[in-house]
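[1] Here is my input; please provide its structure:
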Amino acid sequence: MRSSTSSSDGGTPSRDARRWRRFSVTFVVAIVVLLAGFTGGLVLLDPYDTGRFTPLSVRGVAEGPPWQVNASRARDQRFDSVVVGNSRMQMLEPERLDRLTGRRFVNLSVLRSGPLEVRPVFEAFLRHHPSPRAAVIGVDELWCRPTQKRGNQFPYWLYSASNPEYLYGLVRYQAVEQMARRLSALFGGAEMARPDGYWDYTTVYLGKTGGQAKQDAMKSSASRPVDTDNPDRVFPAMAILRDMLDALPATTRTVLAWPPTHINFQPQPGSVAEAVLDQCKAQIRDIASRHPNVMFLDWGGDRAENRDPANFHDEIHFRKALAGQLADAVGAELVRPGKATAD
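    Numbers count the residues shown, from 1 in each chain. Model prediction:
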């Protein structure tokens, strides 16, 4: 009797354990299948139009932030030349550069980006256009910082040459949202992104709170920077710039463009800040001089254009008229016979 009870009591946990194991295995398999199906759907539909893995030939994505849309633009074979940089280069109009140079430009500038973000976008373009006819690389004070840190928003995985890194980054909720937007755009429910990447953000700035205050501040003789966050005068981003230029064929005409800034943003003459900035620019000039078709175009400094508040939305973002003048200067450098370095 005692033995029978013992056998009966010992059997129940055994059956429960087997049921639990079956449930666990079924649950894990279901999760794996769902995840594989989810990933497969993302890869097939290619929400960012990267062209990786998918057999679909439909092109284009919905209008969105440049960091999100530029992965599609970077592989567009309609273009043979590129502009990269941050929001200050965003105002260079590709169609204007096309008319000036006879090339076909795409603007892959990304808002709030520095050298660590500009490089992967540039490299993504080169993977699809290994011999570009021309390149315009925006360089500014961000290239002169003593350290370079990755941003929190930029999707490095989206521009990575590594397929495993791309796939790992793709499996996220934001990709599902982007897939829905892309499908909507492809079927006419949303606006398609402009292929050449130009964005005139004038209306955005004109509608900003505090815009008039910034204009008034630029009209005053505000104190200019005198100190620096780089007293040791080390510029690690110069290695990034060298790598970017080394990746280009010697035949690619390239302009390193330092965009305009209002005079109030520029260092006080004779200050440590000015000395550090001048040394940084000197290194950029030296790097450019080592390449047969690379020019440094410096539109910073004390220029007449940089003293007129009407040319700027704020101290570092210039308006469309000045952007057109800068584009004209860039275009002139790109078609100038031989090599020239212009200020």
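[2] Next, the contact list for residue 86, please.
    By Cβ atoms under 8 Å, 6 or more residues apart in numbering, residue 86 lies in contact with 109-114, 117-118, 138, 140, 142. For the C-beta atoms, the positions are set from N, CA and C on the backbone; glycine is no exception.
[3] Neighbour count added to those residues, as CSV?
    Shown next, in CSV, are the contacts of residue 86 (neighbours: other Cβ atoms under 10 Å):
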residue, neighbour count
109, 26
110, 27
111, 16
112, 15
113, 24
114, 22
117, 25
118, 27
138, 23
140, 18
142, 19
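[4] closest to residue 240 among the residues you listed?
    Of all the contacts of residue 86, residue 240 sits closest to residue 118, with 8.0 Å by Cβ to Cβ.
[5] so where does that closest one fall, helix or strand?
    Using DSSP states H and E, residue 118 sits in helix 115-128.
[6] Residues in contact with the helix or strand following that helix: which ones?
    Later in the chain than helix 115-128, the nearest helix or strand by DSSP H and E is strand 134-138. When contacts are defined by Cβ under 8 Å, 6+ apart, strand 134-138 is touched by residues 80-86, 88-89, 92, 97, 101, 103, 105, 109, 118, 122, 241, 244, 248, 252-259, 330, 334.
[7] My guess is residue 93 contacts residue 321. True?
    No - using Cβ atoms under 8 Å, residue 93 is not in contact with residue 321, being 11.8 Å away.
[8] Between these two, tell me which one has more neighbours.
    residue 93 (21 against 11; other Cβ atoms under 10 Å).
[9] Name only those of the contacts of strand 134-138 that count as buried.
    81-86, 88-89, 92, 97, 101, 103, 105, 109, 118, 122, 241, 244, 248, 252-259, 330, 334 (16 or more other Cβ atoms under 10 Å).
[10] Just the ones of those residues in strands?
    Taking DSSP state E, the ones among the buried ones among the contacts of strand 134-138 that sit in strands are 81-84, 105, 253-258.
[11] Return the set of residues that bridge with the closest residue to residue 330 other than its chain neighbours.
    Excluding the flanking residues, the one nearest residue 330 by Cβ to Cβ, 6 or more residues apart in numbering is residue 255, at 5.2 Å. Counting by DSSP bridges, residue 255 is bridged to residue 136, residue 295.
[12] correct me, but residue 255 touches residue 334?
    Yes - using Cβ under 8 Å, residue 255 makes contact with residue 334 at a distance of 6.2 Å.
[13] Can you list phi and psi of the spatially most central residue of the chain for me?
    The centre of the chain sits closest to residue 110, judged by Cα atoms, centre = their mean, with a distance of 3.6 Å. Here is the backbone geometry of residue 110 (degrees, to the nearest 10): phi -130, psi 130.
[14] So it sits against residue 156, correct?
    No - look at residue 110 against residue 156 with Cβ under 8 Å: they stay out of range, at 11.5 Å.
[15] Common neighbours of those two, please.
    residue 117.
[16] Centre of the chain to stretch 315-324, how far?
    Relative to its chain's centre, stretch 315-324 lies at 19 Å (Cα atoms, centre = their mean, to the nearest Å).
[17] Can I get that stretch as PDB, trimmed to CA atoms?
    Extracted in PDB, the C-alpha atoms of stretch 315-324 (Å, rounded to 0.1, in the frame of the first residue of the first chain):
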ATOM      1  CA  GLU A 315      25.100  82.100 -36.000                       C
ATOM      2  CA  ILE A 316      25.900  78.900 -37.800                       C
ATOM      3  CA  HIS A 317      23.000  78.300 -40.200                       C
ATOM      4  CA  PHE A 318      23.000  80.500 -43.300                       C
ATOM      5  CA  ARG A 319      20.100  81.400 -45.600                       C
ATOM      6  CA  LYS A 320      19.400  80.400 -49.100                       C
ATOM      7  CA  ALA A 321      21.000  83.400 -50.800                       C
ATOM      8  CA  LEU A 322      24.300  82.800 -49.100                       C
ATOM      9  CA  ALA A 323      24.000  79.100 -49.700                       C
ATOM     10  CA  GLY A 324      23.700  79.900 -53.400                       C
END
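[18] Any regions of the stretch 201-343 of the chain where pLDDT drops low?
    Residues of the stretch 201-343 of the chain that meet the criterion pLDDT under 70 lie in 207-216, 219-221, 339-343.
[19] And the strands in it?
    Per DSSP state E, counting those that start in this stretch, the stretch 201-343 of the chain carries strands over the ranges 253-258, 294-298.
[20] So which elements touch the longest one?
    So the one you mean is strand 253-258. Other elements packing on strand 253-258 under the criterion 3 or more Cβ pairs under 8 Å, 6 or more residues apart in numbering; DSSP states H and E are strand 134-138, helix 272-289, strand 294-298, helix 320-335.
[21] Same question for the shortest one.
    The helices and strands touching strand 294-298, judged by 3+ Cβ pairs under 8 Å, 6+ apart, are strand 253-258, helix 272-289, helix 320-335.
[22] Out of the ones you listed, flag the one nearest residue 194.
    helix 320-335 (15.8 Å).
[23] Strand 134-138 and the closest one, what's the angle between them?
    Inter-element angle recorded for helix 320-335 and strand 134-138: 130 degrees (by axes from the mean of the first three to the mean of the last three Cα atoms, to 10 degrees).
[24] which residues sit against helix 320-335?
    91-93, 96-97, 100-103, 134, 136, 200, 202, 253, 255, 257, 259-260, 295, 297, 299, 305, 311-312, 318, 340, 342.
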